[in-house]
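Undergrad: Below: sequence and its predicted model.
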Amino acid sequence: WHEGAKNLAVVFEPGGACWDHNGCTGGGLGVANLNGIPDDHMLIWGFTYPMLNRASGSAISDWNLVFVPYCTGDVHTGNNVITYEDPNGVEDDVVFNHAGHDNTMAVISWLNLYFPQIDDLFVSGCSAGGAGTQINYYFLRELTNAARGFALNDSGPIFPNSVHSSPLHQKIRSSWNVDPVIDEIPEAATVKDDFG
């Protein structure tokens, strides 16, 4: 909170992604917070993430700041509960909640309760948070009462479809069930044609 501030920054936490047993149990891209969010999570991030540290002197240090933590492995966009089986048959199956979209919608509801009037809305993130910024900016811009909106991400768009990217795009779309989320945005057909 910043007393009297009319501007709001929403920052999505970084932290890898997963779409198979290996990644969603700690291998692969190093998915953040596989065991949930610890109680002191914001204390740690508030000091290490410059945009969230008011003492950093950033351009948004006198804005209201909202940090969106991440433990869903889906760059804040998933819409699926899925069971991943160990392909080697050694480890137990893992049930994973790719609930990034539901979490984002809950954040938006909370924002509307506590920030009913926003002059400038700034949405940002890095890595998985940056990719999440790309898709979630539409929902934040459309569903909050912000006079102006801005987005800045450092890790998107995802690589365009190609011989190498297309199989991973299809796996992600299936594992995270993002097509229903994409269907809600005006550019849905274009995004579905090339997930990148």
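TA: Thanks, I have it.
Undergrad: Could you use CA atoms for every contact and neighbour count after this?
TA: Noted.
Undergrad: Would you mind measuring from the residue most central in space within the chain to Gly57?
TA: Centroid-nearest residue in the chain, with C-alpha atoms, centre = their mean: His76, separated by 2.7 Å. From His76 across to Gly57, the span is 28 Å (C-alpha to C-alpha, to the nearest Å).
Undergrad: Quick one: residues in contact with stretch 165-183.
TA: Stretch 165-183 has contacts (C-alpha atoms under 8 Å, 6 or more residues apart in numbering) with 19, 74, 77-80, 82, 98, 101, 159-161, 188-189, 191-192, 195-196.
Undergrad: sorry, back to before: reduced to three states, what does the residue nearest to the centre of the chain come out as?
TA: Three-state call for His76 (DSSP: H, G, I helix; E, B strand; the rest coil): coil.
Undergrad: And for it, nearest residue in space, chain neighbours not counted?
TA: Gly100 (3.9 Å; C-alpha to C-alpha, 6 or more residues apart in numbering).
Undergrad: pretty sure that neighbour contacts Gly78?
TA: Yes. With contact defined as C-alpha atoms under 8 Å, Gly100 reaches Gly78; the gap is 4.8 Å.
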